[in-house]
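**Q** model the following, please.
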Amino acid sequence: MNPGPREREFSLPGIRLAAREWGAPGSLPVFAIHGWLDNAGSFDLLAPLLGDCHLLALDCAGHGQSGHRSADASYNVWQDVGDVIEIAEQMGWSRFSVIGHSRGAGVGTLCAGAFPDRVERLVLIEGGVPMVSTVTDAPEDLARALTERKELSGRKGRVYETRDAALRGRASGFSPVSHSAADILARRSLQRVDGGYRWHMDRRLRARSEIRLTEAHIEAFISRVECPVLCMMAERSPFADRPIFKRLLSLFKDIERVTLPGGHHLHLEGAETEIAARTRAFLGLRDDG
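**A** Residues are numbered from 1 along each chain as shown. Modelled structure (predicted):
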C-alpha cells in the first residue's frame, strides 16, 4: 500500500493550489491530474494501490480546496500545464510521470508535448486529447466564452437541502457517477452553507475556453511526446469511438491502449485494482502491499 494521504498546499503566482500527497519523498515522482469539475479525491481509490511512488494529486485551479483564478483570468487548459511545471519546480522534480483522467489526461498530453525532457511516462485514463475546435470557429468560440464568463462570474451555485440531495445531483450531473464516487468527490468539494450544501468550485469553469486548440495544434504536441504512453479507456466511454479521438491517439510514437469495463469514472467505480496493476507495471513500480 502507498502510505498517505497527506495534505499539501502550494503558493503559485496569483493562486494557491491544494493537493493530496501519497508515498515517500525520494521515490518515483508522479503527478495525478483529475478531470473537469472533479478534484484530487478522484484518485483516492487508486493512489493507495500504486506501490513505491511519490504521488501528488492536485486540486486544479478552481476545483476542490484550491483557490480560484483572479477575476480577470480564465480557465484555459494550458494554464494547468504551467501550474504543473511550477509545482514540479517547488517539489524539486526535474523529471516526473503523469497520470491524468479525462481533462487531466489532456493536460498530461500538453505537458509531455511542451516539456518532453521532463515527462518520463504518461498514463491516460479516459482521455488524452483536449477539446478541439477549428480556425473558422475561433471568433464564435471567443464571443461565447467571454459572454459565458461574464454571466457565470459571481455565481455561487445551487444550494441542496441535504448532503444526500447534493450527492444525487452530482451523480446524475454532466458526467454521471455512482453515488459512492460522488461521495468521495464530495469530501473535498461539498461545503456546508446557509440552507444546506453547495458544491465548491469556480462557476467560470463551466464557460468554454476563449480559444480552443485545433487538430493541428494537438498533432504538434503529440509529435513532441517522447515518453511511453499507457491509455486506458472504458467500455462505456462517451468519446472513445469518436473518429477524431481515435485518430489523434494513434499519433503517439509509443502507446499501449487498453479497454476496461466501466464508464467514464471507472477508476472510482470498481476498475481501480486493474488500473493500478497496469499502471504499476507500466511505471515499473514495486507493489508494497
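
**Q** ok, which stretches of the stretch 1-150 of the chain are strands?
**A** Secondary structure of the stretch 1-150 of the chain (DSSP state E, counting those that start in this stretch): strands at 6-12, 15-22, 28-33, 53-58, 96-101, 119-125, 132-133.

**Q** JSON lines for those, including distance to G108?
**A** Heads up, the C-betas are built off the backbone N, CA and C, glycines and all. JSON lines is the format used below for those (distance: least, CB to CB, whole Å):
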{"stretch": "strand 6-12", "distance to G108": "18"}
{"stretch": "strand 15-22", "distance to G108": "16"}
{"stretch": "strand 28-33", "distance to G108": "6"}
{"stretch": "strand 53-58", "distance to G108": "12"}
{"stretch": "strand 96-101", "distance to G108": "4"}
{"stretch": "strand 119-125", "distance to G108": "5"}
{"stretch": "strand 132-133", "distance to G108": "16"}
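
**Q** winner for burial among the ones you listed?
**A** Compared across these, strand 96-101 shows the largest average neighbour count, a mean of 27 (mean count of other CB atoms under 10 Å).

**Q** returning to what we had before: to E274, which of the strands of the stretch 1-150 of the chain lies closest?
**A** strand 119-125 (11.5 Å; CB to CB).

**Q** I'd assumed H267 was in contact with F43.
**A** Yes. Using CB atoms under 8 Å, F43 is in contact with H267, at 7.4 Å.

**Q** what's the overlap in contacts for those two?
**A** Residues touching both F43 and H267 (CB atoms under 8 Å, 6 or more residues apart in numbering): H101.

**Q** per-residue pLDDT, M1?
**A** Here the pLDDT value assigned to M1 is 62.

**Q** how about G154?
**A** On pLDDT, G154 comes in at 77.

**Q** just the one 3 residues further on next, same as before
**A** Turning to G157, the model gives it a pLDDT of 88.

**Q** is H217 in a helix, a strand, or coil?
**A** helix (DSSP: H, G, I helix; E, B strand; the rest coil).

**Q** same deal with G263?
**A** G263 ends up coil, using three-state DSSP.

**Q** tell me the mean pLDDT for stretch 194-204?
**A** On average, stretch 194-204 scores 95.

**Q** centre of the chain to that stretch, how far?
**A** Remark: stretch 194-204 is offset 20 Å from the chain centroid, using CA atoms, centre = their mean, to the nearest Å.

**Q** stretch 87-105 too?
**A** With CA atoms, centre = their mean, you get 11 Å for stretch 87-105.

**Q** ends of that stretch, what's the gap?
**A** End-to-end span of stretch 87-105 (CA to CA, to the nearest Å): 17 Å.

**Q** show the average pLDDT along that stretch.
**A** 98.

**Q** what do you get for stretch 238-251?
**A** Stretch 238-251 shows a mean pLDDT of 94.

**Q** measure M233 to A220 for me?
**A** Relative to A220, M233 is positioned 23 Å away (criterion: CB to CB, to the nearest Å).

**Q** still on that earlier bit, mean pLDDT for the strands of the stretch 1-150 of the chain: which is lowest?
**A** Mean pLDDT is lowest for strand 132-133 out of these, coming in at a mean of 94.
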